Structure formats: C-alpha cells, structure tokens
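[1] Task: produce atomic coordinates for the following.
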Amino acid sequence: MKLYWSPQTRAFRAVWMLEEAGVPYERVPIDIRNNGQADPEFRRVNPMTKVPALKDGEAMVAESAAICAYIAERCPQAGLAPAVGDPARGRYLHWLFFAAGCIEPAYTRR
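    Take a look at the predicted model:
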C-alpha cells in the first residue's frame, strides 16, 4: 500500500489506521504548500489532488474516512471494524464519519 500524505492534515487518520492494521505501507509525502499536488502519479490516485490518498495495487481510495474503512475491510485480521452484518457496524460507521462531518469543522473554526 502507498499512502500519499502531508503532515498536519487528515492524512494522520490514515497513517494511524495503517499502523493499527500492522501492514507494510509506504508513505509518500505531498507538499501541499508548494504545488506537490502536481505530481502525475499522485494525480492518477486522486485527481482532486487532496491528501490523504491510498493506492493498493489497482485500488485507489481518497478521503480519510473512506481510507480507514477500506483498510479495516482489507485487513480483517487486525479486528479494526465490526463485520458486515454485525449490529455494532452501524455505530462504527456513525463514529467513523462523525469526526469528519461534525467534530473537525468545529475544531477548525477555533
């Protein structure tokens, strides 16, 4: 897996999830302040040129919550998410998307 990231961004969530999953991955730094998004390889992974973005073989995922969900499903042995069909999965999805939708906007206003 190859994670395109930049410090002090939502990419931290994806780094944390990959570490928790215990799988090998490569971090590819993207300089979001100096047009690092122009990198053609990065643009193929996420044409919107936002970090984080993840490439896993032919799979390409962007958005931190989507990457976290992808990693949890890709690495079930790590036990990071309730299985599909488990009643606890609803709350898992709730909190996975709650942070980006509710907590982070309030935090950034401060």
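
[2] pLDDT at Ile32, what is it?
    pLDDT recorded at Ile32 is 87.

[3] my read: it touches Pro52, true?
    No - the criterion here is C-beta atoms under 8 Å, and Ile32 misses it with Pro52 at 11.0 Å. No exception for glycine: its C-beta is placed from N, CA and C like everyone else's.

[4] This protein: helices as residue ranges?
    11-21, 40-45, 64-74, 89-98, 104-109 (DSSP state H).

[5] hey, least reliable of the ones you listed by pLDDT?
    Looking at these, the bottom one is helix 104-109 with a mean of 70.

[6] now the helices of the chain in JSON lines, with distance to Val28 and mean neighbour count?
    Below are the helices of the chain laid out as JSON lines (distance: least, C-beta to C-beta, whole Å; neighbours: other C-beta atoms under 10 Å):
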{"stretch": "helix 11-21", "distance to Val28": "10", "mean neighbour count": "19"}
{"stretch": "helix 40-45", "distance to Val28": "7", "mean neighbour count": "13"}
{"stretch": "helix 64-74", "distance to Val28": "14", "mean neighbour count": "20"}
{"stretch": "helix 89-98", "distance to Val28": "24", "mean neighbour count": "13"}
{"stretch": "helix 104-109", "distance to Val28": "23", "mean neighbour count": "9"}
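
[7] Please convert those to JSON lines, extending it with distance to Ala81.
    Converted to JSON lines, the helices of the chain look like this (distance: least, C-beta to C-beta, whole Å):
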{"stretch": "helix 11-21", "distance to Ala81": "10"}
{"stretch": "helix 40-45", "distance to Ala81": "23"}
{"stretch": "helix 64-74", "distance to Ala81": "4"}
{"stretch": "helix 89-98", "distance to Ala81": "5"}
{"stretch": "helix 104-109", "distance to Ala81": "20"}
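
[8] I'd like to know which of the ones you listed lies nearest to Asp56.
    Nearest to Asp56 among the helices of the chain is helix 64-74 (6.8 Å), distances taken as C-beta to C-beta.

[9] elements contacting that closest one?
    The contact analysis (3 or more C-beta pairs under 8 Å, 6 or more residues apart in numbering; DSSP states H and E) places helix 64-74 against helix 11-21, strand 53-56, strand 59-62, helix 89-98.
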